[in-house]
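Engineer: For reference, the sequence and a predicted model appear below.
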Amino acid sequence: MKKVLLLFVLAAFLCSFIGSKNTLQGVWEYRGGLINGKTDSVSTAYKLQRTYDKLHYQALVIEKGAKSFVYEKGNYKLHADTCFETQTYCSQPSKLLGKTVKYTYIVSNDTLKLRAKLPNGNKIEDHWVKVK
């Protein structure tokens, strides 16, 4: 009986280290990044937030005194350290609409880093902090 209990406790302990397949779920706020090696700072006039559920994402512009609006939506899939995002809606003309962008992602504590080479050739690294 002790061996069975010990095996159960050991199995439960090891399972606690298995991460969720979907580590992006939640609300993330933009904190700057890099575009072609140059710093992209955060706007003081508005906030950018991305919300991920199991299969989709949406991006909001939040401006004090104004109604928040969705500027982008899409679908995504995770595979190992790669996030494949396909934009399905954009509030402005977009060359990414309907195209899948391959991001390498890293989640460390409450910070998400997305790195990609966009179809236009720009190399980006976006930094997002989890707020919910």
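Structural biologist: Great, that's in hand. Numbers count the residues shown, from 1 in each chain.
Engineer: all strands for this protein, in order.
Structural biologist: 26-35, 38-40, 47-52, 56-62, 69-79, 82-90, 100-108, 111-117, 123-130 (DSSP state E).
Engineer: Give the other helices and strands that the third one contacts.
Structural biologist: Read it as strand 47-52. strand 26-35, strand 56-62 (3 or more CB pairs under 8 Å, 6 or more residues apart in numbering; DSSP states H and E). Any C-beta I mention is one placed from the backbone N, CA and C, and that applies to glycine too.
Engineer: Output the strands of the chain as CSV; include the columns mean neighbour count.
Structural biologist: As requested, the strands of the chain are exported to CSV (neighbours: other CB atoms under 10 Å):
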stretch, mean neighbour count
strand 26-35, 16
strand 38-40, 10
strand 47-52, 18
strand 56-62, 17
strand 69-79, 15
strand 82-90, 17
strand 100-108, 15
strand 111-117, 17
strand 123-130, 17
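Engineer: Pipe those into CSV and attach mean pLDDT per row.
Structural biologist: Below are the strands of the chain laid out as CSV (pLDDT from 0 to 100):
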stretch, mean pLDDT
strand 26-35, 97
strand 38-40, 96
strand 47-52, 97
strand 56-62, 98
strand 69-79, 97
strand 82-90, 98
strand 100-108, 96
strand 111-117, 97
strand 123-130, 98
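Engineer: Next, find the distance separating the residue nearest the centre of the chain from residue 33.
Structural biologist: Against the mean C-alpha coordinate of the chain, by CA atoms, centre = their mean, the closest residue is residue 24 at 5.3 Å. Shown here: residue 24 relative to residue 33, a distance of 16 Å by CB to CB, to the nearest Å.
Engineer: Having no further points to raise, I will conclude here.
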